[in-house]
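S.K.: heads up, no residue letters with this:
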């Protein structure tokens, strides 16, 4: 199989899931599209260098995760208020469903990337703990611990939001 054919097959199979994963991590459609493009550019370059891929799904999620981590590191240094980074957080919510989605996204955004990434990979993308371990390059036991801590932190963040609404 040629390089272009191999890449095209990967792109067709994983472009939508990778983009959805990045969207769940970032909550910013424009940034997610850029990082999805960056993910596949990195993948193409690796294939062109002759990298052999045994597990393409885990490999692409790892590249996407690395691109997202690079973004998170950059965002920490940007001197922008939160609502300038994502104005949709403060947009009027026409339905409770939208409000719920925003609340989940806000609670998820409060998690450190080391906990947010495995939680999204597991709950939203359906990866097993073994697959997540391969994506992140860590032991399976570490994945389980991060998932446990991520769930606890998410519950606290989401509950804190509900308490704030009750006080209004």
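M.R.: Yep, it's here. As the structure is a prediction and not an experimental result, all values here were calculated from the model.

S.K.: quick one: least confident helix or strand in the chain?
M.R.: None of the helices or strands of the chain scores lower by mean pLDDT, DSSP states H and E than helix 82-85, at a mean of 40.

S.K.: low pLDDT regions in this structure?
M.R.: The model of the chain has pLDDT under 70 over residues 73-101, 161-168.

S.K.: in it, which spans are strands?
M.R.: In the chain, no strands are defined using DSSP state E.

S.K.: so which elements touch the longest helix belonging to it?
M.R.: Longest helix in the chain, counting residues (DSSP state H): helix 140-167. Packing partners of helix 140-167 (3 or more C-beta pairs under 8 Å, 6 or more residues apart in numbering; DSSP states H and E): helix 96-109, helix 113-119, helix 129-136. For the C-beta atoms, the positions are set from N, CA and C on the backbone; glycine is no exception.

S.K.: from memory residue 32 sits against residue 23, does it?
M.R.: Yes: counting by C-beta atoms under 8 Å, residue 23 is a contact partner of residue 32 at 4.4 Å.

S.K.: neighbour-wise, which of the two wins?
M.R.: Shown here are residue 32 and residue 23; by other C-beta atoms under 10 Å, residue 32 has more neighbours (22 against 19).

S.K.: quick one, domains of the protein?
M.R.: Domain ranges of the chain: 1-81, 95-168, per automatic domain parsing.

S.K.: hang on, the earlier thing: what residues sit buried inside the longest helix of the chain?
M.R.: Neighbour counts over helix 140-167 (16 or more other C-beta atoms under 10 Å) mark 142, 143, 146, 147, 149, 150, 153, 154, 157, 161 as buried.

S.K.: give the contact list for the fifth one.
M.R.: If I follow you right, that is residue 149. Residues near residue 149 by C-beta atoms under 8 Å, 6 or more residues apart in numbering: residue 115.
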